[in-house]
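**Student:** fold the following for me, if possible:
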Amino acid sequence: MKLENKYLVLLVLVGIAVFFVNLDAIYINIMEARNFITAREMLNDNNWIFTTMNAEPRYEKPPLPTWLTAISMSVFGMESLFGLRLPSAIMGLILVVFIYKFLLKITRNIELSFLAGIIATTSFYIVFSSRDGQWDIYTHSFMMLAIFFLYKLYNTTKNWYLFATISGLFIGCSILSKGPVSLYALFLPFLIAYGFIYKFKGTKERSKAIVLLVVVALISGGWWNLYVYLFDTRAVAEITTQETGRWLNYNVRPFYYYWSFFIQSGLWTIPSFVALLYPYLKDRVSNKKAYKFTLFWTLASVFLLSIIPEKKSRYLLPVLIPMAMNTSFYIEYLFNHFRSIKIKEAAVAYFHFGIFALVGCIFPIAAYFYFERMLQDILLWYILSSIFLFFIGILMFRFLMLKKIKPVFYLSIFFLISVVWFGLPMADKINVNKDYNSIVNIDKHLQKYDTKVYEFKTFTPEIIWEYGKPIPVLTQKNKEKATSSNRFLILTGAYLSDSLKQIFSNYKTTKIDSVDMNPVSTKHKRRLYRELYLLEKTENQ
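**Tutor:** Residues are numbered from 1 along each chain as shown. A predicted model of the protein is given here:
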């Protein structure tokens, strides 16, 4: 087996260890609930093109990731969190593999490329997105594939039309995953950086292939949007207006909001920051041209994202892709020169890795006091976490003292794997909400009163997902249909109870139960709590 393939196999094994193990350890969040509801309604109602959520049109997100999730759902079952999140984990693995393969094409440096893949595999938001049923990982993974084949188009003398077609198809898949998000946040910065450093030589000769790429991308990425617009124009228009307003007015943050972007790499915060210091690193890297390319790509992505008024931390995911490559240059420099550099220069690495070594060493004691009340519920995982993290911490300190940075680097990878393997199973045992009352328990009231249930003004995705079927929303538009019944049940937030009684003043309003879907007791989210009312038309009506 070739050396580059051995490194690839090792990278895949690390990716599996980080992305696939204990996928079902964390409870479903709001983003996942939205996506899983849509996938479930695809299967139950055959809504594969005209996608829905809670039986209402959901065209905000293109359907490709939902199709893949629905297929996995049909195989593993609707209750399997592992099956629901498995497609995201696979896309995460594809992403890190092609980060490795792409940088290898550019630099011909196997170890450097492997380091980039490993750093990406263990970067916080890549880990989070790959273990979470959200669609960001799909759009950026497909775009990384498109970039890889576009690079091959420009750096080979044959098969141009094949590479153009494949690249165009993957761009289309990216668009079918989350619209033009990755085109703007990952692909455009790549074009800027690559054009500045490598000049896109040979574009004239490849012009026909590039036209083919664009046509394939537009057709494969745009057909769904056109289809739903033609056959459900009103719903598409309403959703488009709403989404446009959100981009301009929702979660608006200042231009500099993303300036701490390197923090989102988590484990690699300090090395990522150092790698951005071009004056310091430019004469220390093994491939200055490739380093400048990854640096410009990273900064271009941050700049373009900063222009958009709406900002969220998770939108920085595409930045972590070139940043992982950029950080690998600094880690490689440490591998080759750590023993010979001055103590002042080495202090940054000592501080960075020393933090994790210290955390590993003190974890058994700190965790004991923090989890003391619930220790009996998590005893096995506490013991395993403590053993692995403690010995990893000790070994990291030992190798730091010996100035052997390479084993310290790989021990930090095992540190994260230990957290995923032994720490995450403790998550669903910690701070469990003793007042938890599932939405499914309202069925006893439906049977008792032989009526229907509605949501008052809005629905919460986690509640709908848990319930297993749609709950109609009693808005002003469909109020008359709902109130034609003399008796029905309605769910509402506690803060809306007065409004409910005012609107339905011709009904007797009786609170009969409550629903509390907050999974933990330490954080009470208002949207996960509902009061259940019985509404009965008064006799004088």
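**Student:** use CA for all of it now, contacts and neighbours both
**Tutor:** Fine.
**Student:** closest to the centroid, which residue in the chain?
**Tutor:** Nearest residue to the geometric centre of the chain (C-alpha atoms, centre = their mean): S129, 2.4 Å.
**Student:** in the host helix or strand of that one, what's buried?
**Tutor:** Element membership of S129 [criterion: DSSP states H and E] is helix 124-130. Neighbour counts over helix 124-130 (16 or more other C-alpha atoms under 10 Å) mark 124-130 as buried.
**Student:** quick check, pLDDT for H445.
**Tutor:** pLDDT, H445: 93.
**Student:** so Y533 lies in a strand, does it not?
**Tutor:** Yes. Checked against DSSP: H, G, I helix; E, B strand; the rest coil, Y533 lies within a strand.
**Student:** residues in contact with the helix or strand encompassing M396?
**Tutor:** Per DSSP H and E, M396 falls inside helix 379-401. Defining contact as C-alpha atoms under 8 Å, 6 or more residues apart in numbering, one finds that helix 379-401 is touched by 350, 353-354, 356-364, 367, 375, 405, 407-408, 411-412, 414-415, 418-419, 422-423, 425-426.
**Student:** for the record, mean pLDDT for the helix holding S129?
**Tutor:** For helix 124-130, mean pLDDT rounds to 95.
**Student:** just how off-centre is it within its chain?
**Tutor:** Relative to the mean C-alpha coordinate of its chain, helix 124-130 is positioned 6 Å out (C-alpha atoms, centre = their mean, to the nearest Å).
**Student:** can you report phi and psi for the spatially closest residue to I417 that is not a sequence neighbour?
**Tutor:** Spatial nearest neighbour of I417, excluding adjacent residues (C-alpha to C-alpha, 6 or more residues apart in numbering): V18 at 5.8 Å. V18 adopts backbone torsions of phi -90, psi -40, taken as degrees, to the nearest 10.
**Student:** quick one on the thing from earlier: in the helix holding M396, what's buried?
**Tutor:** Buried residues in helix 379-401, counted by 16+ other C-alpha under 10 Å: 381-382, 384-393, 395-397, 399-400.
**Student:** repeat for stretch 349-365
**Tutor:** Here stretch 349-365 shows 349-350, 353-354, 356-361, 363-364 as buried, counting by 16+ other C-alpha under 10 Å.
**Student:** possible to save these as TSV with secondary structure?
**Tutor:** What follows is the buried residues of stretch 349-365, written out as TSV (three-state DSSP):
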residue	secondary structure
A349	helix
Y350	helix
F353	helix
G354	helix
F356	helix
A357	helix
L358	helix
V359	helix
G360	helix
C361	helix
F363	helix
P364	helix
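**Student:** tell me the one of the residues you listed nearest D232?
**Tutor:** For those, the closest approach to D232 (C-alpha to C-alpha) belongs to F356, at 53.7 Å.
**Student:** show me what contacts the closest one?
**Tutor:** Shown in contact with F356 (C-alpha under 8 Å, 6+ apart): 393, 412, 415.
**Student:** again, but for S514
**Tutor:** Applying C-alpha under 8 Å, 6+ apart to S514 gives the contacts 437, 529-532.
**Student:** closest to L334 out of the residues you listed?
**Tutor:** Using C-alpha to C-alpha, the shortest approach to L334 within the contacts of S514 belongs to Y529, at 51.4 Å.
**Student:** P271 versus that closest one, what's the distance?
**Tutor:** 42 Å (C-alpha to C-alpha, to the nearest Å).
**Student:** pretty sure R253 sits against P309.
**Tutor:** Yes. Look at R253 against P309 with C-alpha atoms under 8 Å: they come within range, at 6.1 Å.
**Student:** sec struct for the nearest residue in space to A146 that is not next to it in sequence, please.
**Tutor:** Among residues not flanking A146 along the chain, S167 sits closest, at 4.2 Å (C-alpha to C-alpha, 6+ apart). Secondary structure, three-state DSSP: S167 is helix.
**Student:** just the pLDDT at S167, thanks.
**Tutor:** pLDDT, S167: 98.
**Student:** surely V440 is within a helix?
**Tutor:** Yes. When three-state DSSP is applied, V440 is found to be in a helix.
**Student:** which pair in the buried residues of stretch 349-365 spans the largest distance?
**Tutor:** Among the buried residues of stretch 349-365, A349 and P364 lie farthest apart (C-alpha to C-alpha), at 24.5 Å.
**Student:** which neighbouring elements make contact with the helix or strand where I90 lies?
**Tutor:** Per DSSP H and E, I90 falls inside helix 81-107. Contacting helix 81-107 under the criterion 3 or more C-alpha pairs under 8 Å, 6 or more residues apart in numbering; DSSP states H and E are the following elements: helix 3-19, helix 64-76, helix 110-121, helix 124-130, helix 136-154, helix 317-337.
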